[in-house]
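*Asks:* Okay, structure incoming, though there's no sequence with it:
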DNA sequence: CAATAATCGGAACCTGAGTTCCGGTTTCGG
DNA sequence: CCGAAACCGGAACTCAGGTTCCGATTATTG
């Protein structure tokens, strides 16, 4: 791969880490596309159409494809962005846990689920691609924060002892799916559902939770 | 819609209730199609293809379409069947509630969610079409059973007072969505999730559940 | 057993959505 | 200010999957 055939007009002075140097208009469009995509995907889920995104970005479809070779690439780029937000909030929760662990934990859950409630594509992707969740949760630092948050909340005695870090993404993804369809149908109300689950997580644990099958 | 233009060659001797009189082979195929569809949809969700279903039923696509004019019709027919099962179990739970209300309630929930865990299409449909849920829940008698079951379980003191009948379909559909993707991924384990929610429903209710927005 | 009408089968059709292509346009270095 | 390189746009292509059509086939009736 890295054959030193310098004959190619690709000297690449800066070996790695330098995908920069976009032309002015290209950079502008890149941002516009990302923004338009966020809107459309949030509203219509992964069913949003590339043509619509292009139009909303004030750009041709071809341009969209030059920036993101595939629809999935575009989606993943957006997911990565979302995870940055979540990771940020996770870190904040860890910091706040020393004060009121349960409040911090609860707030983090509300934020994460709420984020999905306002972004159909996000919940759809997280629902359908557990691998992506794992990947970005780790890459963004969300996973580390979660582990720590669970540890602290348990130590504060606010979280049942048999809860596990894995329960957090489970609940978040699960609730995300709940919101995916009807954000405000009377029968599908994520705030109420989340409250229920949090009650379950906080309960002293009269009924033991079934063990998780086989963890990787 | 119901214009009484009797000019049409549709005398319909038996006013309502008489879509019978299928030719022998037609009846056989009807059943085969339904069975094949159940399998394919259970496995692949609503993405299952009509051609595959036809092949598995040992029948041409045309035949499938004569029995079910549209893919959605076929899906709905299957959903209706499932609701019969659930309604049946709901009635049984109501009967058993006089003995051990919580056990009956809990068992009913497990059954309903488990049914979806083994049928991707079912959970997908319930997730994406709350209207259908409402419709079939009422038509099949599931809804009545649910209301009664909740009443009994509350009276037995096993269910928190601020729980509502609507919470049951909410949880069932919600959990169904959880199972929709990875039935046995370590991070998405519906039994564990359900246990969590049940804990929340049983808890004495230290934290009040948020009120349901606006019920129809 | 023949006539008749319902039923079958599956090739062909149609639509929608992701992706490709290439002539025209804009940016940047000299 | 000029020319090359990079970028843009959107018509056209491709492919998949639901739906239609009609000659062949098979169940009923007398």
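*Replies:* Here it is on my side, so go on. Keep in mind it's a predicted model, so treat the numbers as computed, not measured. Numbers count the residues shown, from 1 in each chain, chains lettered A, B, ... in the order given.

*Asks:* Which of the helices or strands spans the residue of chain A found nearest DNA strand D?
*Replies:* Closest contact between chain A and DNA strand D, by CB to the nearest atom of the strand, is at residue A:62 (1.7 Å). Where you see a C-beta, it was placed from the backbone N, CA and C, and this is true even at glycine. In this assignment (DSSP states H and E), residue A:62 forms part of helix A:61-67.

*Asks:* What's the mean pLDDT across that helix?
*Replies:* Helix A:61-67 shows a mean pLDDT of 97.

*Asks:* Beyond that helix, next helix or strand please.
*Replies:* Immediately after helix A:61-67, counting by DSSP H and E, sits helix A:71-97.

*Asks:* quick revisit: the helix holding residue A:62 near DNA strand C at all?
*Replies:* Yes. Helix A:61-67 is in contact with DNA strand C by CB under 7 Å from any atom of the strand, via A:61-62, A:65.

*Asks:* residue contacts, the one residue sitting closest to the centre of chain A?
*Replies:* Per CA atoms, centre = their mean, the C-alpha nearest to the average position across chain A is that of residue A:83, at 3.8 Å. For residue A:83, the contact set (CB atoms under 8 Å, 6 or more residues apart in numbering or on different chains) comprises A:136-137, A:139-140, A:142.

*Asks:* Now the terminal residues of stretch A:123-138, how far apart.
*Replies:* 18 Å (CA to CA, to the nearest Å).

*Asks:* Just the buried residues of it, please?
*Replies:* Buried residues in stretch A:123-138, counting neighbours by 16 or more other CB atoms under 10 Å in any protein chain shown, are found at A:123-127, A:129-130, A:132-133, A:136-137.

*Asks:* Would you point out the most distant pair within those?
*Replies:* Longest distance between any two of these is 16.8 Å, between A:124 and A:137; criterion CB to CB.

*Asks:* any idea of the angle the helix or strand of chain A with the lowest mean pLDDT forms with helix B:167-181?
*Replies:* Using mean pLDDT, DSSP states H and E, helix A:167-181 stands out as the lowest-scoring helix or strand of chain A, at a mean of 87. Following axes from the mean of the first three to the mean of the last three CA atoms, to 10 degrees, one obtains 110 degrees for the angle between helix A:167-181 and helix B:167-181.

*Asks:* what's the next secondary structure element after helix A:167-181?
*Replies:* helix A:190-202.

*Asks:* now what about that following helix, what contacts it?
*Replies:* A:102, A:106, A:109-110, A:113-114, A:117, A:158-160, A:163, A:167, A:171, A:175, A:178-179, A:183, B:167, B:170-171, B:174, B:193, B:195-201, B:203, B:205-207, B:209-210, B:212.

*Asks:* Quick one: mean pLDDT for that helix?
*Replies:* 94.

*Asks:* Which positions in chain A make contact with DNA strand D?
*Replies:* A:22-23, A:25-26, A:29, A:58-63, A:65-67.

*Asks:* List only buried entries from those.
*Replies:* A:29, A:59, A:63, A:67.

*Asks:* can you name the two of these that are farthest apart?
*Replies:* Maximum pairwise distance among these (CB to CB): 9.1 Å, between A:59 and A:67.

*Asks:* Look up the residues that both of those two are in contact with.
*Replies:* Shared contacts of residue A:59 and residue A:67, counting by CB under 8 Å, 6+ apart, come down to A:29, A:33.

*Asks:* What pLDDT is listed against residue A:182?
*Replies:* On the pLDDT scale, residue A:182 gets 60.

*Asks:* just residue A:185 next, same as before
*Replies:* pLDDT at residue A:185 comes out at 70.

*Asks:* got a list of what it touches?
*Replies:* Counting by CB under 8 Å, 6+ apart, residue A:185 touches residue B:130.

*Asks:* That one and DNA strand C: what is the separation?
*Replies:* Distance from residue A:185 to DNA strand C, counting by CB to the nearest atom of the strand, to the nearest Å: 24 Å.

*Asks:* What count of nearby residues applies to residue A:80?
*Replies:* If you count neighbours by other CB atoms under 10 Å in any protein chain shown, residue A:80 ends up with 14.

*Asks:* Which residues are in contact with the closest residue to it other than its chain neighbours?
*Replies:* Spatial nearest neighbour of residue A:80, excluding adjacent residues (CB to CB, 6 or more residues apart in numbering or on different chains): residue A:136 at 5.9 Å. For residue A:136, the contact set (CB under 8 Å, 6+ apart) comprises A:79-80, A:83, A:142.
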